[in-house]
Each structure stands twice: as structure tokens, then as C-alpha cells.
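Enquirer: with the input below, show me the fold.
(one chain, ligands or ions: 2)
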Amino acid sequence: MPDPSADPELILRLEGVSKTFQNQRVLDALDLEIARGEFLTLLGPSGCGKSTTLNIVAGLLSPDGGRMTLRGRAADRLPPRKRRLGMVFQSWALFPHMTVFDNIAYGLKMQGSPSAAVVKTKVDEMLELVRLPGAEGKFPSQLSGGMQQRVALARALVTGPDLLLLDEPLSNLDAALRKEMQVEIKRIHETLKVSTLLVTHSQEEALVMSDRIAVMRGGKIERIAPPAEIYADPRSSFVCTFVGDAN
Ligand code: ADP
Ligand code: MG
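Expert: Ligands and ions are numbered 1, 2, ... in the order given. Have a look, this model is predicted:
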């Protein structure tokens, strides 16, 4: 029988992934799959293991047990730079001493030594995509929080990743900007059709942005379904309380 995890349309598959810190079991045999082009959100309260999951996918943490495949290939054989991922964190972690252009180009240079012309074309494409034309010469400190986050998205996407990982990317923004960036991230996802794994504790964000929501609790996925189904039929009191909670 063919191994279903070898399916290249399955961008990410986690099977029975566990992680323990000191004596605390943070991920408890977690299963999760993301299809090509899908926008999947991990939604859950603080401390339930969302960032740990993302960091394992990114290769920044090793799991204690379980299996992970990326595009059908065992991830433990793939070093982080070969995982074809883009990542945006809560704090945008732009290089303060580099211009917007150099921040975005950084990802490309890590992958090899593209010609100056190729770098320029790709950075220009990204500035267009995130709607920051003309900002290439600015430094991060000269930009608003929302604009910095657009640069972080451009930097994560410039290499054409198979999977975009977003860890609470909107939590540092005020409510109006958060709304604006939800729409922007959705638009970018629809333009590029890049598979996206968003981590958030905000049910509103999850309901607005996702193709499917994985509600997480204590290191496990409690429920996974499209937003409308979760909203209409939460099935467990935890999902119900959490999805009904406006935080
Ligand atoms: P979330 O992103 O859902 O808020 P995390 O994945 O960051 O949760 O953390 C899950 C739990 O693991 C928390 O209790 C946290 O304190 C603990 N934890 C996370 N990283 C570490 C670490 N490097 N060392 C020890 N404990 C950690
Ligand atoms: Mg977190």
C-alpha cells in the first residue's frame, strides 16, 4: 500500500508528535495535516502548545516523539533552511540596521548567491505584493507597526516557500490595524495560494481568516473543522467556551 504521507499535495503532516519541557508534557501525541493552498489556524489559549508546534515545524525545536513530513518527505532529514518555509513572529524581528530592501533580500541571500538583478526583481515583486512600493530605502524604525509587519511578510515570502508560518502576527497591533492586516494576509494568501499555518489566541481572527480551524487544548487538537462548522456546532464545552470568548 502506498504511504499516504508521501502525498506531495499534503504540505505538512504531524503524526503523534510529542514534546516535554522539564516535567511538563506540552504536546501530547499531536496529529495535524495541511493541504496545499490551505489556510489552517491553530486556535487556543495561552500556554496550550501553539508556538511549540510551530517551532517544531520550523525545525527550531526537535520533537521527542512522533513523525513529521513536509511535502511527503521526512522532516528530520531536512535542515531548517531546506524546509521551504517562511515565518513571521509576533515581534517582527526585522534587522534594525538594514534597509527594507536588505531585510527582504536577506532571505534570498541565505539560500545562495543570486545576482543583483534577480534580487532586485524579487524584492520589487514583494514590495508590490505587500503594497509598500517606494519603501525599499527606509529603515524599520521609520515605519509604522503595520508597515513593519508587511516587510516581515515580504521577507518570509521572497523565497517562494511551500508553507507560511505565522505566530500571533497581529497581536502587537491596535484593533484597527489588526483588522486591516487580517484582510491583507488573506489577500496575499489568495494571490499566492501559499499554504499557511496561523497561530492565534483570537477566535475572531481564526473565524475570519481560516479555511479550517484546529482548536487546541493542553497539547492536543480538540476539534478541527471549517470556521462555520465550529461556530455552528462546537461539540465540546471547551470549544464552545473558547470560541464564544471574545479575546
Ligand atoms: P502557546 O504558544 O500556545 O501560548 P507555548 O507553545 O509557547 O504555548 O508553550 C506551551 C507550554 O510550554 C507553556 O506552559 C510554556 O511555559 C512551556 N514552554 C514553552 N517553551 C518552553 C521552553 N523552552 N522551556 C520550558 N518550557 C517551555
Ligand atoms: Mg505562543
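Enquirer: report the helix or strand with the lowest average pLDDT across the chain.
Expert: The weakest-scoring helix or strand in the chain, judged by mean pLDDT, DSSP states H and E, is helix 237-244 (a mean of 68).
Enquirer: tell me which parts of the protein are close to ligand 2?
Expert: With C-beta under 5 Å from the ion as the criterion, the chain meets ligand 2 at residues 50-51. Placement of C-beta: from N, CA and C, glycine included.
Enquirer: tell me the residues of the chain that contact ligand 1?
Expert: 21, 26, 44, 46-52 (C-beta under 6 Å from any ligand atom).
Enquirer: now for those residues: which two are most distant?
Expert: For these, the maximum inter-member distance is 17.0 Å, found between F21 and G44 (C-beta to C-beta).
Enquirer: more neighbours: those two, which one.
Expert: For F21 versus G44, the count of surrounding residues by other C-beta atoms under 10 Å is larger for G44: 28 against 11.
Enquirer: skipping adjacent residues, who's closest to the more buried one in space?
Expert: Sequence neighbours aside, M216 is the residue nearest to G44 in space, at 3.5 Å (criterion: C-beta to C-beta, 6 or more residues apart in numbering).
Enquirer: isn't that neighbour up against S51?
Expert: No: at 10.9 Å, M216 and S51 do not qualify as touching, with contact defined as C-beta atoms under 8 Å.
Enquirer: those two - which one has more neighbours?
Expert: Neighbour count, other C-beta under 10 Å: between M216 and S51, M216 has more, with 26 against 19.
Enquirer: kindly state the beta-bridge partners for that one.
Expert: Beta-bridge partners for M216, by DSSP bridges, are I221.
Enquirer: and it, what does it touch?
Expert: Applying C-beta atoms under 8 Å, 6 or more residues apart in numbering to M216 gives the contacts 42-44, 48-50, 53, 222.
Enquirer: relative to T200, how far out is it?
Expert: Here M216 is placed at a distance of 11 Å from T200 (C-beta to C-beta, to the nearest Å).
Enquirer: quick check: neighbours shared by those two?
Expert: 42-43, 50.
Enquirer: filter these down to the ones in helices?
Expert: Per DSSP state H, helices hold the following members of the shared contacts of M216 and T200: K50.
Enquirer: state the number of residues packed around the nearest residue to M68 once chain neighbours are set aside.
Expert: Spatial nearest neighbour of M68, chain neighbours left out: A75 (4.2 Å); criterion: C-beta to C-beta, 6+ apart. Residues within reach of A75, counting by other C-beta under 10 Å, total 22.
Enquirer: thanks again, I'm all set now.
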